[in-house]
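Participant: after the sequence you'll find the predicted model.
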Amino acid sequence: MAAMSNADEAVGQLLAGQAEVAVEGHPDPAQVLAIAEALRGSRSTILRMGGCRIGELGAEAIGEALAGNTALEELWLYDNEIGDAGAKAIGCALKTAASLTTLCLNGNLIGDLGAAAIGDAIAARSPLEKVGLGHNRIEDVGAEAIGEAVAKSKTITALNLNHNHIGNVGARAFGGALQTNTSLKSLGLQNNHIGDDGAEGIAEALWRNASLATLRLNDNEIGDRGAEAIRGAAAHAATLTTLCLEGNPVSEAARLGRPRG
């Protein structure tokens with residue numbers, strides 16, 4: 001990882017095309033705009049601005065710059081309070097961003113509207129491979145939008161939606177996506193509100209899916225019925241190697257894999 005730089009140094013690094021640029025501190029609005037302007041034609045491939053508190057206006061500026069950039073491969077904007085408006089700006093830019101493969105928007109107060117915008121970008125045949133939307137405010141409606149997008153994507157390999165507010169309806173949407181998607185290898189849905197019905201929807205997909213290697217469902221609301229469905233399907237899944245179900249309210253018998261009496 002590159003050494004952290006202040007906003008003014010980051011502008012110079014972007015203009016020089018330094019491979020990786022990492023911004024520290026809390027740039028003021030003028031500095032964020034300067035970074036965005038430097039990004040527009042930059043040949044840098046990684047930009048890290050985690051915890052910079054750029055807000056939705058900063059995200060909109062970054063989004064506008066990203067739309068015209070042809071070199072950036074990774075964008076890390078976690079913990080920036082960009083909200084739905086900022087996520088929509090980034091999502092809109094991603095539809096034309098030709099090179100971005102990794103996007104991290106963890107911890108940004110993003111709800112269903114912002115999630116839907118990112119979903120639109122995933123579905124728009126963008127080159128996105130890895131997307132982080134953990135620690136946000138996404139509920140079932142946003143999860144459904146992302147699930148529908150994943151079903152269409154040919155490039156997405158890793159998706160993390162941990163610590164949101166996704167329930168059974170959203171989980172079933174991901175189950176539907178897993179039945180048709182052939183690229184996703186890692187799905188993180190830990191620390192949500194998924195119960196037995198949602199787990200069963202995902203389990204149904206595991207019988208057909210031939211790409212998923214890691215599934216994280218720990219710390220949800222899955223009981224014995226859902227846990228048994230997931231474990232039964234996982235035992236027959238051709239590619240699944242990592243399954244996390246810890247922290248769910250299952251009985252000791254279910255935890256040990258014993259069938260219910």
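Facilitator: Yes, it's here.
Participant: C-alpha from now on. contacts and neighbour counts both.
Facilitator: Noted.
Participant: sec struct for residue 39, please.
Facilitator: helix (DSSP: H, G, I helix; E, B strand; the rest coil).
Participant: helices along this protein, start to end?
Facilitator: 7-16, 29-40, 55-67, 83-94, 112-123, 140-152, 168-180, 196-206, 224-234, 252-255 (DSSP state H).
Participant: for residue 29, which non-adjacent residue is spatially closest?
Facilitator: Closest residue to residue 29 apart from its sequence neighbours, by C-alpha to C-alpha, 6 or more residues apart in numbering: residue 58 at 7.0 Å.
Participant: quick check: that neighbour vs residue 30, distance?
Facilitator: Counting by C-alpha to C-alpha, to the nearest Å, the gap from residue 58 to residue 30 is 9 Å.
Participant: picking that back up, rank the helices of the chain by pLDDT, which is bottom?
Facilitator: Note on these: lowest mean pLDDT is at helix 252-255, with a mean of 72.
Participant: sorry, back to before: which one's more surrounded, residue 58 and residue 30?
Facilitator: residue 58 (26 against 11; other C-alpha atoms under 10 Å).
Participant: now do the contacts for that one.
Facilitator: 29, 32, 33, 82, 86 (C-alpha atoms under 8 Å, 6 or more residues apart in numbering).
Participant: just give me the neighbour total for the last one.
Facilitator: Read that as residue 86. 27.
Participant: my guess is it contacts residue 55. True?
Facilitator: Yes. Taking C-alpha atoms under 8 Å as the definition, residue 86 is a contact partner of residue 55 at 7.2 Å.
Participant: could you measure from the most centrally placed residue in the chain over to residue 164?
Facilitator: Central residue of the chain (C-alpha atoms, centre = their mean): residue 132, 2.7 Å from the mean position. Residue 132 sits 12 Å away from residue 164, going by C-alpha to C-alpha.
Participant: can you check residue 212 too?
Facilitator: In terms of C-alpha to C-alpha, residue 212 sits 21 Å off from residue 164.
Participant: could you do residue 26 as well?
Facilitator: 26 Å.
Participant: who has more neighbours out of those two?
Facilitator: Between residue 26 and residue 164, counted using other C-alpha under 10 Å, the more crowded position is residue 164 (23 against 17).
Participant: list the contacts of that one.
Facilitator: Residue 164 is in contact with 134, 135, 136, 137, 138, 139, 191, 192, counting by C-alpha under 8 Å, 6+ apart.
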